[in-house]
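[1] Need the 3D shape of this:
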Amino acid sequence: MVHQKLPALSSKGCYIASSVGSKKLHRLVEISSFFSSASASQSNNPSTSRPKFALPSYIGQSQPVPKTTLPSTPPPRHPQQDHAMQQHQHNLADAIRPSYQSQTPLLLPNLLCNCDAIYFWRSSDYWRAAVGEDTPVEVEVGKSYNSGNRVTLRFGDYLNYLALGVEQEDKDYEKQQQQGGGSQQQGKDIEEQQQAEQEVAYLAQNELFPQVLSDIPTPNFCESDEYNVGEGQLYHTMLWMGPRHTVSPLHFDPLDNLLMQVVGWKRVLLFPPDKLHESGDVEEDSKQNNQILGSNEQPTWHYAGTNGNQYNTSAVDIENPNHKEFPNFKELAPIPYECVLGPGDALYIPKRWWHHVRSLEMSVSANVWWR
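    Residues are numbered from 1 along each chain as shown. Purely as a prediction, here's the structure:
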């Protein structure tokens, strides 16, 4: 992989080039400065071993997501390693197949530990060089990615915004250390968190830039049915990039999902699907949901489709639920699975499983949806 050659290249003052757009405009990044800053960042940043901030507690009970560790880490891309790469792909398919067949979530720690994205994606210089500052991106402004206020920005401007967020994050961490953290800060932290959530800008659910697709491996089973993990039809590879406090509210997707964490940390809560959304047919699910909402029947625990939300998105803020407005959530919600994803971790989220995702610090993730 490219990152494995950086020490030798940096000593020679070499350069890395990436193609941008159809005109193949080449932008150069001096590897010597990039590699030294990236290495220092990884060695000095507490987030590489654990989240900098305390985990927000879920108001109810939760259980850990089942996990498995592959026999070996992903091998480097090299012509002489073709057999090892093929074996790794089969090991990955064998690991995830039982969970796919039972439609239960699975945590895969350190799945991406040897891919280029882990080394490159924490550098804004790399993103500027690979993608280009003038590339337009769509950003959600507000409390969560479905807040409705979606704007188009220059990618370079969004990277500048993220840099300011990281500066504030470092100040918050220093303040937390000085004050000792702990429960005495919890009330203030919640108040500051709620205020921050009204102001975040989240680069959510954008197609991953083609210039960096090769940085993060797409499992072969997403594109081939020979692995017997679905039909092998890849639908999308998406990018999620945002500051601390970004939230994906409780929702479900109609396709199987592999969420891959690259930079920073995220907390994920997962609830099993209910009978309302068992069909797997989007139009049928929406029709059933509308029938319930239009009748005298009690809504399900997630209250999806109410308060202006789509049929696959809950109206309940599960981190701070209003039990008076949503009494069925307290009475009927199942015990969720919970996990924290760090750099290199991946999480299999089966189709139609409800999930809520919170960034614990500045975060970059990718995911693949396949059938």
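[2] Strands of the stretch 251-371 of the chain, residue ranges please.
    For the stretch 251-371 of the chain, applying DSSP state E, counting those that start in this stretch gives strands covering 256-263, 266-271, 337-341, 346-349, 354-359, 363-370.
[3] Partner strands of the fourth one, with direction?
    For strand 346-349, sheet partners with direction are given as strand 106-108 (antiparallel), strand 256-263 (antiparallel), following DSSP bridges.
[4] Tell me which of these sits nearest to residue 152.
    strand 256-263 (23.2 Å; Cβ to Cβ). C-beta here means a position set from N, CA and C on the backbone, and glycine is covered the same way.
[5] picking that back up, can you tell me which of the strands of the stretch 251-371 of the chain comes nearest to residue 316?
    That would be, of these and by Cβ to Cβ, strand 354-359, which comes in at 9.6 Å.
[6] Mind giving me the packing neighbours of the closest one?
    Under the contact definition 3 or more Cβ pairs under 8 Å, 6 or more residues apart in numbering; DSSP states H and E, strand 354-359 sits against strand 247-251, strand 266-271.
[7] could you give the mean pLDDT of the shortest one?
    Taken as a whole, strand 247-251 carries a mean pLDDT of 94.
[8] Give me the angle between it and strand 256-263.
    Interaxial angle, strand 247-251 versus strand 256-263 (axes from the mean of the first three to the mean of the last three Cα atoms, to 10 degrees): 160 degrees.
[9] Give the buried residues for the longest helix along the chain.
    The helix that spans the most residues within the chain, counting by DSSP state H, is helix 155-179. Burial within helix 155-179, assessed by neighbour count using 16 or more other Cβ atoms under 10 Å, is assigned to 155-156, 158-159, 161-162, 165, 169, 172-173, 176.
[10] quick check, distance from stretch 253-268 to the centre of its chain.
    Relative to its chain's centre, stretch 253-268 lies at 4 Å (Cα atoms, centre = their mean, to the nearest Å).
[11] Kindly check the end-to-end length of it for me.
    15 Å (Cα to Cα, to the nearest Å).
[12] hang on, the earlier thing: export the helices and strands packed on strand 354-359 as a markdown table, with columns for distance to residue 134 and mean neighbour count.
    Formatted as a markdown table, the helices and strands packed on strand 354-359 follow (distance: least, Cβ to Cβ, whole Å; neighbours: other Cβ atoms under 10 Å):
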| stretch | distance to residue 134 | mean neighbour count |
| --- | --- | --- |
| strand 247-251 | 28 | 23 |
| strand 266-271 | 29 | 22 |
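[13] These: which one's closest to residue 216?
    strand 266-271 (15.8 Å).
[14] which strands and helices sit next to that closest one?
    With contacts defined as 3+ Cβ pairs under 8 Å, 6+ apart, the packing partners of strand 266-271 are strand 337-341, strand 346-349, strand 354-359.
[15] Ok, which of those comes nearest residue 265?
    Distance to residue 265, taken as Cβ to Cβ, is lowest for strand 337-341 among the helices and strands packed on strand 266-271, at 6.1 Å.
[16] Can you list the strands that the closest one pairs with?
    Applying DSSP bridges to the sheet, strand 337-341 is found paired with strand 63-64 (parallel), strand 266-271 (antiparallel).
[17] now those strands in JSON lines, with distance to residue 300 and mean pLDDT?
    Shown next, in JSON lines, are those (distance: least, Cβ to Cβ, whole Å; pLDDT from 0 to 100):
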{"stretch": "strand 63-64", "distance to residue 300": "21", "mean pLDDT": "96"}
{"stretch": "strand 266-271", "distance to residue 300": "11", "mean pLDDT": "97"}
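[18] okay, those in a markdown table with distance to residue 139 next?
    Output for the strands paired with strand 337-341, formatted as a markdown table (distance: least, Cβ to Cβ, whole Å):
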| stretch | distance to residue 139 |
| --- | --- |
| strand 63-64 | 33 |
| strand 266-271 | 18 |
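[19] ok, back up a step: select, out of the helices and strands packed on strand 266-271, the one closest to residue 102.
    Of all the helices and strands packed on strand 266-271, strand 346-349 sits nearest to residue 102, with 11.1 Å by Cβ to Cβ.
[20] now the closest one, how far from the centre of its chain.
    Distance of strand 346-349 from its chain centroid, counting by Cα atoms, centre = their mean, is 10 Å.
[21] Outside of that strand itself, list whatever touches it.
    65, 96, 99-100, 105-108, 111-112, 253, 256-261, 268, 270, 339, 341, 355 (Cβ atoms under 8 Å, 6 or more residues apart in numbering).
[22] could I have that strand exported to CSV, CA atoms only?
    In CSV, the C-alpha atoms belonging to strand 346-349 read as follows (Å, rounded to 0.1, in the frame of the first residue of the first chain):
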residue,chain,number,x,y,z
ALA,A,346,-16.1,-1.8,10.9
LEU,A,347,-19.7,-2.6,11.8
TYR,A,348,-22.1,-4.7,9.8
ILE,A,349,-25.7,-3.3,10.1
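[23] So which residues of the stretch 101-250 of the chain form helices?
    With helices called from DSSP state H, counting those that start in this stretch, the stretch 101-250 of the chain shows them at 116-120, 124-131, 155-179, 186-197.
[24] Show me how far the longest one is from its chain's centre.
    Spelled out, it's helix 155-179. On the basis of Cα atoms, centre = their mean, helix 155-179 sits 19 Å off its chain's mean C-alpha point.
[25] Need the helices of the stretch 101-250 of the chain in CSV (columns: distance to residue 204 and mean pLDDT).
    Shown next, in CSV, are the helices of the stretch 101-250 of the chain (distance: least, Cβ to Cβ, whole Å; pLDDT from 0 to 100):
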stretch, distance to residue 204, mean pLDDT
helix 116-120, 18, 94
helix 124-131, 16, 97
helix 155-179, 12, 91
helix 186-197, 14, 51
